[in-house]
Structures are given as C-alpha cells and as structure tokens.
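K.L.:
for reference, the sequence and a predicted model appear below.
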Amino acid sequence: MAAEIAYVRRDVLPQEKPPSSDTSAFGWLRKNLFATPTDSILSLVALLAVVWYLPGALNWLFVQAVWTGADRSVCTTTVQGGIQPDGWSGACWAYVNDRFVQFMFGSYPRTELWRPLTVLAIAIALLVPFLMPKAPRKGLNAILLLIVMPAIAYILLLGGWFGLPYVETSLWGGLMVTLILSFVGIAVSLPLGILLALGRRSEMPIIKTACVFFIELIRGVPLITVLFMASVLLPLFLPPGTNFDKFLRALVGVSIFAAAYMAEVIRGGLQAIPKGQYEAADALGLNYAYKTTFIILPQAIKLVIPGIVNTFIGLFKDTSLVTIISMYDLLGIVKASFGDSGWSTPVTPLTGLIFAGFVFWIFCFGMSRYSAFVERRLDTGHKR
C-alpha cells in the first residue's frame with residue numbers, strides 16, 4: 001500500500017475550456033460597468049442622464065449656434081424672416097470669434113502681436129523635445145528652455161531694447177498671462193519646493209525651523225491673500241521710491257505659494273524612501289550632496305509624480321485669482337467682456353465661460369495625460 005503513494009502525478013489532466021476573454025467589448029462592459037448590481041444601476045442611471053441631456057447640449061452648442069457675425073443681433077432667433085426680440089439662438093460663437101485676439105493677448109498692441117507669437121513658437125520648439133524621453137541633449141535643451149528662453153521672452157514681450165517699443169505689463173492679458181504665470185510658477189516652484197522639503201528634514205535647527213515657518217505660513221493663507229500682500233502691502237515695507245512691477249509681484253506670489261505646497265509633496269516622497277536606501281548610500285561613502293542627488297531624490301520624485309502634476313494643475317487654474325490685483329488672465333478677460341453692450345445677450349456669458357473652461361480643460365488634461373505617460377515609463381519597481 002505504501003508503494004502506491006506518489007507525490008508526482010503520472011497522468012495528464014484533461015484539457016479545460018479557455019477562460020472567456022475580457023478584451024472584447026462585452027467583456028470590458030461587464031468588467032467596468034456591470035460587475036456588480038450596484039455598478040449596473042449606477043451605469044444605467046448615468047447612461048440615461050447622457051441620453052437625456054447630451055442631445056440638447058449638442059444642439060445648443062453646435063446646431064443652433066451662431067458662428068459668424070459682427071454684433072449681438074446675429075445671435076437672435078430668426079422667425080419668418082424677422083427678428084424675434086425675446087428669442088435667442090444657441091451658443092454665440094460669433095462673440096468668441098470677434099473677441100478671440102483679446103482673449104488670447106488682452107490689450108497687447110495689435111501691431112506687436114508678432115512678439116508674443118514668436119515667444120510661443122520658441123517655447124513650443126523647446127518644450128516638445130524636452131518632454132520627449134528619447135530626444136538627445138537634454139541638458140542643453142533644459143538650459144535653453146529654462147534660462148535662455150525666459151530671457152528672450154522678457155526682451156520681446158516687454159520691449160525697450162533693440163528698437164522694440166515698450167509694452168507695459170498692464171496691457172498684457174488673456175491666455176498669454178495665464179501661460180506666463182503658469183510657466184514661471186512651475187519652473188520656480190519645483191526646485192524651490194525640493195529645497196524647502198530637504199530643509200524641513202534637515203538636522204540643522206535653524207534651517208529646519210525657517211523652512212517649517214515658511215511652509216506653514218504660506219499654506220495657512222489663501223492665494224488671494226498672498227497676491228494681495230505682494231501687490232498692496234509689500235510696497236509699504238519698502239524704502240520710499242522703490243517700486244516693483246505689478247506683474248512681477250504676481251509672479252513672485254504665485255511661485256512662493258506653489259513652492260510651499262510642492263515642498264510637502266516632495267517631503268511625502270522623501271519619507272516613503274526606505275531607510276535602507278540611505279544606509280546603502282552611506283555604505284558607498286557618498287556625501288550628502290551625492291546621496292541626495294543620485295540616490296534619494298530620483299526615487300522620491302518618481303513616487304510623487306501624481307502629486308507634483310496635481311500641484312501644477314492647481315497652479316494653472318489658480319492663475320485666475322490675479323484679477324484681485326487688477327490683472328486679467330483668460331477667465332478674467334472673458335468675464336470683463338460681458339459688459340460690452342455690443343455683445344450683450346443672454347447666451348453670451350455662458351458661451352464665453354464654456355470657451356474659457358474648454359481652454360483650461362485642454363491644458364489640464366494634457367498635463368494629466370503626460371503625467372500618466374511618465375508614470376508608466378518609470379513604474380519599474382512598484383508595479384502591483
């Protein structure tokens with residue numbers, strides 16, 4: 001009897017049927033929308049809401065919309081060849097088309113628009129290869145994008161050099177202001193946030209206390225307060241005759257506000273690094289600078305990419321708060337245009353806000369998709 005006991009199977013098991021594929025459309029629906037009774041109910045409710053509201057929204061946005069025209073009269077509803085005073089068309093895209101240049105550049109002189117357009121072309125030409133992982137000469141690309149390009153943009157946009165007419169920053173506005181504030185805020189807040197996070201974890205009491213005080217002070221007040229202090233209260237503490245450009249104050253306020261939040265994001269990544277990584281770096285004989293630059297920070301930043309991009313997206317949207325200091329970004333200048341009697345209709349404000357929201361969504365969605373791409377590319381040691 002004992003001789004018949006075996007721990008290795010001698011016969012082959014019968015072949016089983018292959019599992020149902022989840023790659024088909026039916027499999028995807030079952031897995032993502034109808035996996036449980038609750039999911040099925042919520043999916044059906046959402047589908048009914050889309051069927052109920054989407055046709056009307058598309059009809060208002062595109063079918064009944066007015067695309068061309070010179071004033072508010074084109075957005076009225078035409079009935080039997082006459083104008084119906086109390087009736088209005090769908091979305092008034094003619095208003096957006098008429099104000100498009102203002103929405104993009106504010107009151108920037110129309111004869112000098114080639115200057116911001118040139119800066120935009122240079123920025124795109126440098127940003128695209130910078131974001132491509134396999135593009136060569138990343139170091140040179142970073143220097144051109146973060147050092148050379150801002151200097152060129154400063155000369156071109158502001159003027160006063162090389163025969164270029166001077167353009168006051170009070171004339172800047174629209175999407176141009178939003179992009180400049182966002183670019184400078186992102187470029188400054190990330191390195192400054194890293195330094196603040198490292199300082200907060202420092203063993204030097206003075207540095208640690210200063211960083212903690214700065215971070216908690218900035219995070220404890222809203223951005224509107226920071227902008228108000230930078231624009232109104234800061235000149236009161238400066239020597240008489242000292243004056244800073246209002247736009248520069250906004251750049252400083254936005255940058256330090258984002259840096260305080262970025263510091264906490266980076267600190268979370270630093271705390272997630274296992275202690276063994278620090279000990280291994282010490283065992284190799286690396287000093288603090290080499291250990292932090294080549295061992296700790298690359299791992300910490302990789303872990304908190306979603307938090308970093310989330311801060312960038314929040315910064316991009318928070319630029320609308322500069323209206324508190326009488327500067328008009330895209331949303332601010334769209335809202336300011338509502339007072340134009342030439343385009344005063346019930347559908348004009350909603351059309352302008354939808355346009356501004358769509359522009360913000362494009363940039364924010366682009367940042368989130370690039371963040372997901374970077375996460376997938378760097379997700380080598382933490383896959384679930």
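P.N.:
Thanks, I have it.

K.L.:
and the contacts of stretch 237-254?
P.N.:
Stretch 237-254 has contacts (CB atoms under 8 Å, 6 or more residues apart in numbering) with 169-170, 172, 177, 180-181, 184-185, 223, 226-227, 229-231, 234-235, 315, 318-319, 322, 325-327. C-betas here are computed from N, CA, C, even on glycine.

K.L.:
next structured bit after the lowest-mean-pLDDT helix or strand in the chain?
P.N.:
Scoring the helices and strands of the chain by mean pLDDT, DSSP states H and E places strand 82-88 at the bottom, with a mean of 52. Moving toward the C-terminus from strand 82-88, the next helix or strand (DSSP states H and E) is helix 93-98.

K.L.:
output the contacting helices and strands for that next one.
P.N.:
Under the contact definition 3 or more CB pairs under 8 Å, 6 or more residues apart in numbering; DSSP states H and E, helix 93-98 sits against helix 348-378.

K.L.:
can you count the residues close to Ile147?
P.N.:
Neighbourhood size, Ile147 [other CB atoms under 10 Å]: 10.

K.L.:
secondary structure class of it, three-state.
P.N.:
helix (DSSP: H, G, I helix; E, B strand; the rest coil).

K.L.:
give me every residue that touches it.
P.N.:
The contact partners of Ile147, taken as CB under 8 Å, 6+ apart, number zero.

K.L.:
and the gap between Ala94 and Gly352?
P.N.:
Using CB to CB, to the nearest Å, we find Ala94 at a distance of 12 Å from Gly352.

K.L.:
er, Cys92 I mean
P.N.:
9 Å.

K.L.:
higher neighbour count, the two?
P.N.:
Neighbour comparison, Cys92 and Gly352: the larger count goes to Cys92, with 27 against 24 (by other CB under 10 Å).

K.L.:
identify the bridge partners of that one.
P.N.:
Judged by DSSP bridges, the bridge partners of Cys92 are Val66.

K.L.:
do I have it right that it meets Ser344?
P.N.:
No. Assessed by CB atoms under 8 Å, Cys92 is found out of contact with Ser344, at 10.6 Å.

K.L.:
which PyMOL command selects the buried ones in the contacts of stretch 237-254?
P.N.:
Selection command for PyMOL covering only the buried members of those, criterion 16 or more other CB atoms under 10 Å:
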select buried, resi 169+172+177+180+181+184+185+223+226+227+230+231+315+318+319+322+325+327
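
K.L.:
okay, now the unreliable bits of the stretch 101-250 of the chain?
P.N.:
Along the stretch 101-250 of the chain, the model assigns pLDDT under 70 to residues 241.

K.L.:
next, the buried residues of the helix or strand that contains Gly276.
P.N.:
For Gly276, the host element (DSSP H and E) is helix 275-283. Within helix 275-283, the residues that count as buried by 16+ other CB under 10 Å are Ala281.

K.L.:
roughly how far is the next helix or strand after it from the heart of the chain?
P.N.:
Counting by DSSP H and E, the next helix or strand C-terminal to helix 275-283 is helix 288-291. Relative to its chain's centre, helix 288-291 lies at 31 Å (CA atoms, centre = their mean, to the nearest Å).

K.L.:
which residues are contacting the helix or strand following helix 288-291?
P.N.:
Using DSSP H and E, the helix or strand that follows helix 288-291 towards the C-terminus is helix 297-303. For helix 297-303, contacts defined as CB under 8 Å, 6+ apart pick out Ile194, Ile266, Gly269, Leu270, Ala272, Ile273, Gln277, Ile308, Leu378, His382.
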